[in-house]
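A.B. asks: A predicted structure for the sequence below; I have some questions about it.
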Amino acid sequence: MLEVLPLASGSQGNSTLIRSSTTALLIDAGLTRKEMLLRLAHVEQDPGDLAGILLTHRHKDHCRAAATLCRRFKIPLYGTARTVEHQQPRTLPQIREINPGESFDVGDLQIRAHTLSHDAPDTQSFVFESNEGQRIGIATDLGCSQGGVADFLQALDVLLLEFNHDAALLQAGPYPTFLKQRIASDLGHLSNEQAAELLARVMGPRLQTLYLCHLSQHNNDAFLAQEMAEAVTSGLAEQDPRILIARQDRVTEGTSLR
């Protein structure tokens, strides 16, 4: 059994819970501690039973409450050296440093990592595999789809993929020029068009659920993102995968693989 529960997704905070038969692992903890605890309670997850918190990178919207939760509940923190160094490591009960792009295990989860193009050092994408071979991939905060990420995200049952912005909405939007340039750069975030292009390269017959993640509140529209994703998935699988928008304001419907 492998289960994924997107607890939050967006520029205000990101967190995803992965659960197998015996292991619960939190991927990022970008909300406040209070909100993180509320969302964990919503999915009936005792934070003291977490096998760890695994950070994709060091930006605040992915790690805001990580150190606090680790200290309070004696949870191991997993991340690269350049990610962990920003989490007051001397105060943490357990640190499990991972090397960029390495494979490692947490409980009965086999985890592979891949380094992404983003402006936080060692930003990682992850694929989680159960003992039964079920596979969940997470790839957000990537400025471009090059660098082998398409090869990495193959043969997945569930994919959480960034659909950050619509290129036209970003350029017409309220952000200052320097921020627009940063978002649209190869070290920023994927547009709907870029995400759809990547999706077309990783789409396979196994894919059951696709989560559209990290949608910008100001520079995207859920309808545009979903329309772009559906144009790719339609007809490329024996059965069209379920497409869900990962929400910022509440827990998104989970997916269980059995």
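C.D. replies: Ah, there it is.
A.B. asks: Would you state the helices of the stretch 51-200 of the chain in chain order?
C.D. replies: For the stretch 51-200 of the chain, the helices defined by DSSP state H, counting those that start in this stretch cover 60-63, 66-73, 81-84, 149-152, 167-172, 177-184, 192-202.
A.B. asks: Switch the ones you listed over to a markdown table; also include mean neighbour count.
C.D. replies: Every residue, glycine included, has its C-beta placed from N, CA and C. A markdown table is the format used below for the helices of the stretch 51-200 of the chain (neighbours: other CB atoms under 10 Å):
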| stretch | mean neighbour count |
| --- | --- |
| helix 60-63 | 20 |
| helix 66-73 | 20 |
| helix 81-84 | 20 |
| helix 149-152 | 16 |
| helix 167-172 | 15 |
| helix 177-184 | 15 |
| helix 192-202 | 20 |
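A.B. asks: Make JSON lines out of the ones you listed and add distance to residue 13 and mean pLDDT.
C.D. replies: Converted to JSON lines, the helices of the stretch 51-200 of the chain look like this (distance: least, CB to CB, whole Å; pLDDT from 0 to 100):
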{"stretch": "helix 60-63", "distance to residue 13": "5", "mean pLDDT": "97"}
{"stretch": "helix 66-73", "distance to residue 13": "11", "mean pLDDT": "97"}
{"stretch": "helix 81-84", "distance to residue 13": "17", "mean pLDDT": "96"}
{"stretch": "helix 149-152", "distance to residue 13": "23", "mean pLDDT": "97"}
{"stretch": "helix 167-172", "distance to residue 13": "21", "mean pLDDT": "97"}
{"stretch": "helix 177-184", "distance to residue 13": "18", "mean pLDDT": "97"}
{"stretch": "helix 192-202", "distance to residue 13": "20", "mean pLDDT": "97"}
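A.B. asks: Out of the ones you listed, flag the one nearest residue 141.
C.D. replies: Among the helices of the stretch 51-200 of the chain, helix 60-63 comes nearest to residue 141, with 7.5 Å by CB to CB.
A.B. asks: Which strands or helices does the closest one pack on?
C.D. replies: Contact analysis of helix 60-63 by 3 or more CB pairs under 8 Å, 6 or more residues apart in numbering; DSSP states H and E lists no helix or strand as a packing neighbour.
A.B. asks: If we use 10 Å, what do you get?
C.D. replies: Using 3 or more CB pairs under 10 Å, 6 or more residues apart in numbering; DSSP states H and E, the elements in contact with helix 60-63 are strand 15-20, helix 81-84.
A.B. asks: Next, format those as TSV and append distance to residue 197.
C.D. replies: Below are the helices and strands packed on helix 60-63 laid out as TSV (distance: least, CB to CB, whole Å):
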stretch	distance to residue 197
strand 15-20	23
helix 81-84	28
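A.B. asks: for these, which one sits closest to residue 125?
C.D. replies: Closest to residue 125 of those is strand 15-20 (CB to CB; 12.4 Å).
A.B. asks: tell me how far stretch 9-26 is from the chain's mean position?
C.D. replies: How far stretch 9-26 lies from its chain's middle: 8 Å, per CA atoms, centre = their mean, to the nearest Å.
A.B. asks: that older thread, please tabulate the helices of the stretch 51-200 of the chain in JSON lines, including the columns distance to residue 38.
C.D. replies: Supplementary listing: the helices of the stretch 51-200 of the chain in JSON lines, determined by distance: least, CB to CB, whole Å:
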{"stretch": "helix 60-63", "distance to residue 38": "17"}
{"stretch": "helix 66-73", "distance to residue 38": "13"}
{"stretch": "helix 81-84", "distance to residue 38": "25"}
{"stretch": "helix 149-152", "distance to residue 38": "33"}
{"stretch": "helix 167-172", "distance to residue 38": "31"}
{"stretch": "helix 177-184", "distance to residue 38": "29"}
{"stretch": "helix 192-202", "distance to residue 38": "29"}
